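Asker: dropping the sequence and predicted coords here.
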Amino acid sequence: EAQVTQNPRYLITVTGKKLTVTCSQNMNHEYMSWYRQDPGLGLRQIYYSMNVEVTDKGDVPEGYKVSRKEKRNFPLILESPSPNQTSLYFCASSYRKTSIWGYTFGSGTRLTVV
Amino acid sequence: QQQVKQSPQSLIVQKGGISIINCAYENTAFDYFPWYQQFPGKGPALLIAIRPDVSEKKEGRFTISFNKSAKQFSLHIMDSQPGDSATYFCAASYTGTASKLTFGTGTRLQVTL
């Protein structure tokens, strides 16, 4: 089954404790992206990757890091999480940045930083 | 800067009624306008999409109407069903290496019996 898999689904952590949210896709997609979803703000892009070793900032990159060492994996790293990073996070993948087939999203990771 | 403005924020429609969600965009270079549907606990999923060379696209009960001169597009859900209750996002992008999908703020639709 074609899918984007995120882990964990739920995470509660304390301020300043480094964490990683994993994302993996099995569709051989070149393009991967991370979004955060907040009430009233919709989906905002954090980082994206056009291919292996090629990453760039989205609209709200502050406080986040990413890496793309393999085509299928695109982890999101919060080195020193803060309460304003409490949010619902989605990983997405696509053949290209703009694809008529649309983005395939993971099921989300709900992060709470206390 | 909100490049894609979506309204309303929430919508309650009776079963069998028509649900209408509107979006307006600013960037005239946008040439791809998808709608995504999101159920609770799930990621958004592509519902229907349109390019600006047509004014309307219909897939089953879902129709996108597109007005290029007004820079507006809307989603119409005919004969709305309780199973349509979800959050809907409009989005826009343009074909180009620097482009990305820009989402609206979302509309929470509730279809009542």
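Answerer: Alright, I've got the coordinates.
Asker: so B:N22 touches B:K71, yeah?
Answerer: No - B:N22 is beyond contact range of B:K71, at 11.6 Å (criterion: Cβ atoms under 8 Å). Any C-beta I mention is one placed from the backbone N, CA and C, and that applies to glycine too.
Asker: ok, B:F39 to B:A70 distance?
Answerer: Remark: distance between B:F39 and B:A70 (Cβ to Cβ, to the nearest Å) = 31 Å.
Asker: of those two, which one has the most company?
Answerer: Comparing B:F39 with B:A70 by other Cβ atoms under 10 Å in any protein chain shown, the one with more neighbours is B:F39, at 12 against 8.
Asker: which residues does the nearest residue to that one once chain neighbours are set aside bridge with?
Answerer: Leaving aside its chain neighbours, B:F39 sits nearest to B:A86 (5.0 Å; criterion: Cβ to Cβ, 6 or more residues apart in numbering or on different chains). For B:A86, the beta-bridge assignment (DSSP bridges) gives partners B:L109.
Asker: B:A86: how many residues sit nearby?
Answerer: Using other Cβ under 10 Å: B:A86 sits among 20 other residues.
Asker: now swap in B:Q110 and tell me
Answerer: B:Q110 - counted by other Cβ under 10 Å - has 14 other residues nearby.
Asker: contacts only, for it.
Answerer: By Cβ atoms under 8 Å, 6 or more residues apart in numbering or on different chains, B:Q110 lies in contact with B:S10, B:L11, B:I12, B:V13, B:S85.
Asker: need the pLDDT of it.
Answerer: pLDDT for B:Q110: 98.
Asker: could you do the one 3 residues further on as well?
Answerer: Each residue has a pLDDT score; the one for B:L113 is 92.
Asker: how far away is B:G83 from B:E59?
Answerer: The value you get for B:G83 to B:E59, if Cβ to Cβ is used, is 16 Å.
Asker: on that earlier part again, tell me the contacts of the residue nearest to B:F39?
Answerer: Counted by Cβ under 8 Å, 6+ apart, B:A86 has contacts B:Q37, B:Q38, B:F39, B:P40, B:R108, B:L109.
Asker: of these, just the buried ones, PyMOL syntax please.
Answerer: To isolate the buried ones among the contacts of B:A86 in PyMOL, judged by 16 or more other Cβ atoms under 10 Å in any protein chain shown, type:
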select buried, chain B and resi 37+38+109
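Asker: between the contacts of B:A86, which sits nearest chain A?
Answerer: B:Q38 (8.4 Å; Cβ to the nearest Cβ).
Asker: what's near enough to touch that closest one?
Answerer: Counting by Cβ under 8 Å, 6+ apart, the residues that B:Q38 touches are B:P44, B:A45, B:A86, B:T87, B:Y88, B:F89, B:G106.
Asker: which among those count as buried?
Answerer: Using 16+ other Cβ under 10 Å, the buried ones in the contacts of B:Q38 are B:P44, B:A86, B:T87, B:Y88, B:F89, B:G106.
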